[in-house]
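**Q** here are the coordinates; sequence isn't available:
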């Protein structure tokens, strides 16, 4: 351990930074998106299309 960080965790961070850059270090949720999130995204897309056609 270096400065209280597990060497395996440090390796993963360095690898993600080298391959994906700064954005690779941002936490991402795992698994399927929640149904509510999908419904909100679809509703927003629908509303944008309706507003553009008016």
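**A** Sure thing, it's come through. Remember, predicted model here, so these are calculated numbers, not experimental data.
**Q** what distance separates stretch 24-38 from the centre of its chain?
**A** Relative to its parent chain, stretch 24-38 has a centroid offset of 6 Å by CA atoms, centre = their mean, to the nearest Å.
**Q** and that stretch, end to end?
**A** End-to-end distance of stretch 24-38 (CA to CA, to the nearest Å): 23 Å.
**Q** could you list the residues in contact with that stretch?
**A** Stretch 24-38 is contacted from outside by 13, 16, 17, using CB atoms under 8 Å, 6 or more residues apart in numbering. All C-beta spots, glycine's among them, are computed from the backbone N, C-alpha and C.
**Q** which non-adjacent residue is nearest the first one?
**A** Here the nearest residue to residue 13 in space, its sequence neighbours aside, is residue 25; by CB to CB, 6 or more residues apart in numbering that works out to 6.4 Å.
**Q** same deal with the second one?
**A** Of all residues beyond its chain neighbours, the one nearest residue 16 is residue 24 (3.9 Å), with distances taken as CB to CB, 6+ apart.
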